[in-house]
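Engineer: Next comes the sequence, and after it the predicted model I'd like to discuss.
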Amino acid sequence: MQISSQDFDKVDIRVGRIIAAQDFPEARKPAYQLTIDFGPVIGQRKSSAQVTKHYAKDALIGRHIVAVVNFPPKQIGPIMSQVLVLGVPDADGDGVILLTPDQEVPLGGRMF
């Protein structure tokens, strides 16, 4: 299915920095609860991410990620996920590799 550039422009994908990562034992699949800082305009948002196979909690702190920030909040167990952290499947197809910028960029920068 193809979409128009106007459709793509509706998806707000921004750079954020993970500032907290906690275990999320209530999740159906292994996941962490993340707090992500998207800079002064958007602020901090919460999400869950099924990235436990490739990332230790401590290694996530300070890492830049990209996320969709304009989806409606979604209840995931006891937390309200406010953003969708983006990733791709690993070679085995059972783990997630986070999408990240390869250079330092300002928090809240919008993907285009």
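Structural biologist: Thanks, I have it. Keep in mind it's a predicted model, so treat the numbers as computed, not measured.

Engineer: Now do the same contact list for the residue lying closest to Asn70 once chain neighbours are set aside.
Structural biologist: Ranked by Cβ to Cβ, 6 or more residues apart in numbering and with sequence neighbours excluded, the top spatial neighbour of Asn70 is Asp12, at 3.9 Å. (C-beta placed from N, C-alpha, C; glycine too.) Counting by Cβ atoms under 8 Å, 6 or more residues apart in numbering, Asp12 makes contact with Val68, Val69, Asn70, Arg110.

Engineer: Following the chain onward from the lengthiest strand in the chain, which element is next?
Structural biologist: Longest strand in the chain, counting residues (DSSP state E): strand 13-23. On the C-terminal side of strand 13-23, the closest following helix or strand by DSSP states H and E is strand 32-37.

Engineer: Outside of the helix or strand immediately after that following strand in the chain itself, list whatever touches it.
Structural biologist: Past strand 32-37, further along toward the C-terminus, the next helix or strand under DSSP H and E is helix 39-42. If you take Cβ under 8 Å, 6+ apart as the criterion, helix 39-42 is touched by Arg14, Gly16, Val69, Pro106, Leu107, Gly108.

Engineer: If we use 7 Å, what do you get?
Structural biologist: Applying Cβ atoms under 7 Å, 6 or more residues apart in numbering, the external contacts of helix 39-42 come out as Arg14, Val69, Pro106, Leu107, Gly108.

Engineer: Packing partners of the following helix or strand past it?
Structural biologist: Later in the chain than helix 39-42, the nearest helix or strand by DSSP H and E is strand 44-49. For strand 44-49, the helices and strands in contact under the criterion 3 or more Cβ pairs under 7 Å, 6 or more residues apart in numbering; DSSP states H and E are strand 32-37, strand 79-81, strand 84-85.
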